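Chemist: A structural model of the following input is requested.
(2 chains)
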Number of protein chains: 2
Amino acid sequence: MKILVIGAGGMIGRKLTARLQKEGMGELILHDVVPFEGSTVVSDLSASGEAEKLVASRPGLIFHLAAVVSGEAETDFDKGYRVNLDGTRLVFEAIRKAGVGYKPRLVFTSSIAVFGAPFPEAIGDEFLSAPLTSYGTQKAIDELLLSDYSRRGFCDGIGLRLPTICVRPGKPNKAASGFFSGIIREPLAGQEALLPVPDSVRHWFASPRAAIGFLLHAARLGTGTLGHRRNLSMPGISATVAEQIEALRKVAGDKVARLIRREPDPAIQRIVEGWPRNFDARRALELGFRADRSFEEIIRIHIEDELQKSPQSRLSPA
Amino acid sequence: MKILVIGAGGMIGRKLTARLQKEGMGELILHDVVPFEGSTVVSDLSASGEAEKLVASRPGLIFHLAAVVSGEAETDFDKGYRVNLDGTRLVFEAIRKAGVGYKPRLVFTSSIAVFGAPFPEAIGDEFLSAPLTSYGTQKAIDELLLSDYSRRGFCDGIGLRLPTICVRPGKPNKAASGFFSGIIREPLAGQEALLPVPDSVRHWFASPRAAIGFLLHAARLGTGTLGHRRNLSMPGISATVAEQIEALRKVAGDKVARLIRREPDPAIQRIVEGWPRNFDARRALELGFRADRSFEEIIRIHIEDELQKSPQSRLSPA
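Modeler: Below is the predicted model of the structure:
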């Protein structure tokens, strides 16, 4: 089977590709807008005709991970809509027009950003999408298109609302959510990390390894039981910053945890206040999607997958 | 103030126009895709440049009522998306690009078709949009765009999810929902009406007069209290077919009610099963939107507004 990965050059895309290769799941077509090691197609998805080229070989399984991130979609209104809405719609349209009998499994990464405050204690499977960002709006629209194109029989789609990925490997970035990973990743590397919000802030997490598990499970799932509601909030770990820090202390010791420095940032606090804190992801759990077991496990996965394999690891064990 | 009515040639558009003229609310620009008596602009909204022309005179109030109806959006996939999604998005884009300081009040008619079964006993303000038609999908997407364009400050939008309008005046049509009006309208005109579903079927109704009231209230509402959730399920009357018939009997007598003939249609029954039956429209009520008081009132409004003013009225009083 041919497998197309759109947006394969990102963090999730690379980890997914490695896993698909390891499991020998099929012939990979690896797409991104910029070239990366192993990429097979480089194109702008939102440019005329490019989506058609991508599905021309009729891949039976498509992972669509490509997106302009939240911050950029907010500062560049046109680019966000062009890539995150029009680009995705062009993929759906290319599939629809690829002809009779073509109905690929399409796994789409949506986001918990489709939800906006005020929230209930835990967001259930029937809670409305009322996003507070253009990024969340674009993802919510993509979800609606995915459902309708699936209902009409053009594709066999599943949308996964991923929790915030933590611990995100690599360098610190300027995303408002960056500190959730930073306060774990930097101390484990012997470096100071800034914490811009109070310890009481609660958020919803999944490790990169859990996220790849969601994608593969979605690729193999029998969709007969899904009905017409094809977008699912993924299970995760709900943890406060205090709980994150306590888990870090347990896993890596007091000295490491003390590398977190509190430096309140009202702008980031305001943004984070509008974000989901907790979910009741019942449907996804019933369908066999599996989250990490604890925030400690999320930290251990980071150590195993990112630090122990690397000779430059600066991990100081407790 | 200039007032633009997009889709002014339809049933709601004409009634709204008459009311705006009666109240002398401003200079009207009356648009539709086909010419009608009093129309000032005739154009295809989804054609390049047409939306820009409509907002070029910077109307301070815009009613956007234009849509391809549910049945046609289901049979003609391309046309539904072109008009109901692209056409509406082009209106939003034209407003955004009309320049600094332009931020019109935009009243958009959405639909209860944004919801799909399974439902709770009554659909509350936080229930998810999971439409089961392409029409409902397009309206749900328009709602998301309206919220985002309002949040970004490009327009001051309000989306109204109208109940099924009953009694719809005019000739019987082939819409799956047509019988809800037909079983009242035809008997009142001395004619037999077919009832394709069981008497136990429950649905959600508003009179044309109530719908016009919603639109005018939305035009005048202070939007400061709305926050970022700018799409509202309108209040209505939840009634079973049995309750509709009983109301008809009370208002117009046994002889009239006996003109309803039961002729089950499994295809229509299946469609209707996926439709909303009842709402808890708390937010709209708190914001001052007012429904009809009973299904009997809905029938009396039809008699007053459609039959008593017409010399061809065939109403036989009870």
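Chemist: Make sure residue A:108 is indeed in a strand.
Modeler: Yes. Assessed by DSSP: H, G, I helix; E, B strand; the rest coil, residue A:108 belongs to a strand.
Chemist: I figured residue A:182 was touching residue A:172, is that so?
Modeler: Yes. Under the criterion of Cβ atoms under 8 Å, residue A:182 makes contact with residue A:172 at 5.2 Å. In short, each C-beta sits where N, CA and C put it, glycine included.
Chemist: Tell me the bridge partners for the residue nearest the centre of chain A.
Modeler: Taking Cα atoms, centre = their mean, the centroid of chain A lies closest to residue A:162, which sits 4.5 Å from it. Counting by DSSP bridges, residue A:162 forms beta bridges with residue A:111.
Chemist: can you give me phi and psi for residue A:167?
Modeler: Main-chain torsions, residue A:167, degrees, to the nearest 10: phi -90, psi 120.
Chemist: And for it, nearest residue in space, chain neighbours not counted?
Modeler: Residue nearest to residue A:167 in three dimensions, not counting chain neighbours: residue A:302, with 3.9 Å by Cβ to Cβ, 6 or more residues apart in numbering or on different chains.
Chemist: What strand or helix carries that neighbour?
Modeler: In this structure, residue A:302 sits in helix A:295-302 according to DSSP states H and E.
Chemist: The residue in the stretch 201-318 of chain A that chain B sits nearest to - how many residues pack around it?
Modeler: Nearest residue of the stretch 201-318 of chain A to chain B (Cβ to the nearest Cβ) works out as residue A:229 at 5.1 Å. Residue A:229 has 17 neighbouring residues, counting by other Cβ atoms under 10 Å in any protein chain shown.
Chemist: and the gap between it and residue A:284?
Modeler: Separation of residue A:229 from residue A:284 (Cβ to Cβ, to the nearest Å): 11 Å.
Chemist: What strand or helix carries residue A:20?
Modeler: Judged by DSSP H and E, residue A:20 forms part of helix A:11-22.
Chemist: list the contacts for the residue nearest to residue A:177 when sequence neighbours are not counted?
Modeler: For residue A:177, ignoring the flanking residues on the chain, the nearest one in space by Cβ to Cβ, 6+ apart is residue A:164 at 5.5 Å. With contact taken as Cβ atoms under 8 Å, 6 or more residues apart in numbering or on different chains, residue A:164 is in contact with A:112, A:177, A:180, A:203-206.
Chemist: between those residues, which is nearest residue A:253?
Modeler: Using Cβ to Cβ, residue A:180 comes nearest to residue A:253 of these, at 20.5 Å.
Chemist: Quick one: neighbours of that closest one, just the number.
Modeler: Residue A:180 is flanked by 25 other residues according to other Cβ under 10 Å.
Chemist: wait, what's in contact with it?
Modeler: Here residue A:180 is in contact with A:164, A:166, A:203, A:205, A:241, A:244 (criterion: Cβ under 8 Å, 6+ apart).
Chemist: ok, now how distant is it from residue A:214?
Modeler: 18 Å.
Chemist: just residue A:144 next, same as before
Modeler: 20 Å.
Chemist: what do you get for residue A:306?
Modeler: Applying Cβ to Cβ, the value for residue A:306 to residue A:214 is 19 Å.
Chemist: go on, residue A:112?
Modeler: In this view, residue A:112 and residue A:214 are 13 Å apart by Cβ to Cβ.
Chemist: for residue A:117, same thing?
Modeler: Taken as Cβ to Cβ, the span from residue A:117 to residue A:214 is 25 Å.
Chemist: Between these two, which has more neighbouring residues?
Modeler: Between residue A:117 and residue A:214, counted using other Cβ under 10 Å, residue A:214 has the larger neighbour count: 26 against 13.
Chemist: show me the contacts for that one.
Modeler: Contact analysis of residue A:214 by Cβ under 8 Å, 6+ apart lists A:160, A:162, A:206, A:234, A:289.
Chemist: Next up, phi/psi of it, please.
Modeler: Residue A:214 has phi and psi values of phi -60, psi -50 when expressed as degrees, to the nearest 10.
Chemist: Could you list the contact residues of the stretch 51-200 of chain A toward chain B?
Modeler: Proximity of the stretch 51-200 of chain A to chain B, by Cβ under 8 Å from any Cβ of the partner chain, involves residues A:77, A:116, A:120, A:125-132, A:134, A:137, A:140-141, A:144-145, A:147-148, A:151-152.
Chemist: What's the PyMOL syntax to select whichever of the residues you listed are buried?
Modeler: Command for PyMOL, covering only those of these found buried under the criterion 16 or more other Cβ atoms under 10 Å in any protein chain shown:
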select buried, chain A and resi 116+125+126+127+128+129+130+131+132+134+137+140+141+144+145+147+148+151
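Chemist: coming back round to it: the residue of the stretch 201-318 of chain A closest to chain B: what's it in contact with?
Modeler: Counting by Cβ under 8 Å, 6+ apart, residue A:229 has contacts A:125, A:147, A:283, B:130.
Chemist: tell me the phi and psi of it?
Modeler: Dihedral pair for residue A:229: phi -90, psi 90, per degrees, to the nearest 10.
Chemist: surely residue A:236 meets residue A:206?
Modeler: Yes. Contact status for residue A:236 versus residue A:206: in contact at 4.6 Å, counting by Cβ under 8 Å.
Chemist: who's more crowded, those two?
Modeler: Taking other Cβ under 10 Å, residue A:236 and residue A:206 do not tie; residue A:236 has more neighbours (29 against 24).
Chemist: Now do that one against residue A:298, distance only.
Modeler: 9 Å.
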